[in-house]
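**Q** Sequence and predicted structure, then a few things I'm wondering about:
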Amino acid sequence: MICPDCLVISEEFSEWDDSRRRIDLLAVDKSANLVVIELKRDDTGQHMDLQAIRYAAMVSTLTFKRAVEIYRDYNAKHGVNEDAEQKLLGFLGWEESKADAFAREVHITLVATDFLPELTTTVLWLNDRHDFDIRCVRLVPYKHNQDVLVDVEQAIPLPEAESYQVRIRQQSAERREARQSDRDYTRYLFKGTIYNKRKLVLAVIKDWLKANHPTTIEELLEAFPQETRRGGLFVPIEEAQETFERQQIARHFLADEEVINLGAGKTYAVSNQWGGRNMERFLERAHTLQFDINISPSD
């Protein structure tokens, strides 16, 4: 009723030292994803979202082989005499185990008689912004004479919007993959060493420093104009460290062997923010200064 097309492989599942941490139901769906099902017998569902996410992380590395063992124990507990591996393979429509296709994702289903607004808000945010797959199902029992009737209603996502939201999540994932593939992973060969673009900039500047021994920032700027993605190519070390402490993002090379010491207490950090047109201009400048830089043949 609450998880169509799922096969339950364990109940009260726990493989952790803390015996209080138990997954109410652990299941597998038709796409070979794990499904963590958490049940609450109150009318708030309080804290079950965080609890379920923790459990999902704990089982995310579960292998097909281990899932078969868990399912075998579950069947034995309920007196079911059947081949657990063949039953699981048959459910998935596999002729044999596909280890790399098992448990690629972990979905979550939360079940309670009702859910607090803060929980539903959290679930909607996680689903929409972070591509989680969390379902909330209301399960309300009623007694009619001697019969127990159960009203099952999917609250999140709304049934009429579920297919749309699945498409949105898939689209978001595809966009992330596209952005990832668009990133510049070019490697450069400079004086027998292979560098990425950030490290190449530092290596070229350091090499120039050894040959020219500048004592003023003006000499540096004449050789390498201030062209970076964010701010200047050279900034006083104090300013670079302040930026790091404030933003907790290293936008400059800050290691002792990376900074530029011009003497008389004048120390500068080199920016590591390089991309697109700025990198092209730096390479043009480096070639003007007679540096031999090539695209790494390993790429």
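**A** Okay, I see it. Numbering: from 1, shown residues only.

**Q** the strands in the stretch 1-150 of the chain, which residues?
**A** With DSSP state E, counting those that start in this stretch as the criterion, the stretch 1-150 of the chain has strands at 6-13, 23-29, 34-39, 106-112, 134-144, 147-156.

**Q** before we move on, what about the stretch 151-299 of the chain?
**A** 188-190, 193-195, 234-236, 252-253, 260-261, 267-271, 293-295.

**Q** Report the central residue of the chain.
**A** His130 (8.9 Å; CA atoms, centre = their mean).

**Q** Outline the domain layout of this protein.
**A** Domain segmentation of the chain under automatic domain parsing yields 6-182, 188-295.

**Q** my read: Asp29 touches Val35, true?
**A** Yes - in terms of CB atoms under 8 Å, Asp29 counts as a neighbour of Val35; the distance is 5.5 Å. Where you see a C-beta, it was placed from the backbone N, CA and C, and this is true even at glycine.

**Q** Now stretch 23-37: average pLDDT?
**A** Average pLDDT, stretch 23-37: 93.

**Q** actually stretch 239-251, not the one I wrote
**A** 76.

**Q** got the buried residues for that stretch?
**A** 240-241, 243, 251 (16 or more other CB atoms under 10 Å).

**Q** Output the below-cut-off pLDDT ranges for this protein.
**A** 17-20, 42-47, 159-185, 226-231, 247-249, 275-276, 297-299 (pLDDT under 70).

**Q** Show me the helices in it, by range?
**A** Here the chain has its helices, by DSSP state H, at 48-59, 64-77, 84-92, 117-130, 159-182, 197-212, 217-223, 237-247, 276-288.

**Q** would JSON lines of the ones you listed with distance to Ser14 be doable?
**A** Output for the helices of the chain, formatted as JSON lines (distance: least, CB to CB, whole Å):
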{"stretch": "helix 48-59", "distance to Ser14": "9"}
{"stretch": "helix 64-77", "distance to Ser14": "11"}
{"stretch": "helix 84-92", "distance to Ser14": "19"}
{"stretch": "helix 117-130", "distance to Ser14": "23"}
{"stretch": "helix 159-182", "distance to Ser14": "30"}
{"stretch": "helix 197-212", "distance to Ser14": "45"}
{"stretch": "helix 217-223", "distance to Ser14": "61"}
{"stretch": "helix 237-247", "distance to Ser14": "41"}
{"stretch": "helix 276-288", "distance to Ser14": "51"}
